[in-house]
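>>> no sequence on this one, just coordinates:
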């Protein structure tokens, strides 16, 4: 999964990160890998996601929402377009999934804040974890005010 990986969650901050990643992937003629995560509990014993019956439906919904956002962002950007675009949805812990994706990425892009309730913070918990644990460079895209 070489190229630019961006995490999206439907928030305005993630949308800005997606738009930035689309422009950057297009300018550099790189692949754009979009990851959206359906947040589920992770077992303390196995570190594996605990998947409940409703999680598969939620996974389909978050993937469809992410694909729609990606289509709009790529169309709005125009040319140059990313070399390729893929959208992946997974059940798991958001930060952990993005850090795992960083192992095979040239760059990870996240929004400064996600859907959490502490909007005064400059950096959200997910973006902070990704910055500190990713295995490739990370860009945190701030939300314009």
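Received, thanks. Just so you know, these numbers come straight off a predicted model, no measurement behind them.
>>> look through this structure and report the residue furthest from the middle.
Note on the chain: the largest C-alpha distance from the chain mean falls to residue 45, namely 26.0 Å (Cα atoms, centre = their mean).
>>> got a list of what it touches?
Applying Cβ atoms under 8 Å, 6 or more residues apart in numbering to residue 45 gives no contacts. For the C-beta atoms, the positions are set from N, CA and C on the backbone; glycine is no exception.
>>> next, count neighbours for the residue lying closest to residue 77 once chain neighbours are set aside.
Using Cβ to Cβ, 6 or more residues apart in numbering and skipping the chain neighbours, the partner closest in space to residue 77 is residue 22 (4.8 Å). Applying other Cβ atoms under 10 Å, we find 26 residues neighbouring residue 22.
>>> for residue 100, same thing?
With other Cβ under 10 Å as criterion, residue 100 counts 17.
>>> doesn't it fall inside a strand?
No. With DSSP: H, G, I helix; E, B strand; the rest coil as the criterion, residue 100 is helix rather than part of a strand.
>>> for it, give its distance to residue 130.
Going from residue 100 to residue 130 by Cβ to Cβ, to the nearest Å gives 11 Å.
>>> one more: residue 26?
23 Å.
>>> pretty sure residue 69 sits against residue 9.
No. Counting by Cβ atoms under 8 Å, residue 9 is not a contact partner of residue 69; they are 10.0 Å apart.
>>> neighbour-wise, which of these two wins?
Set residue 69 next to residue 9 and count neighbours by other Cβ under 10 Å: residue 9 wins out with 23 against 20.
>>> I'd assumed residue 94 was in contact with the more buried one.
Yes. Shown here, residue 9 and residue 94 form a contact pair, counting by Cβ under 8 Å, at 7.2 Å.
>>> and stretch 74-84, how far out from the chain's middle?
Relative to the centre of its chain, stretch 74-84 is centred 18 Å away, using Cα atoms, centre = their mean, to the nearest Å.
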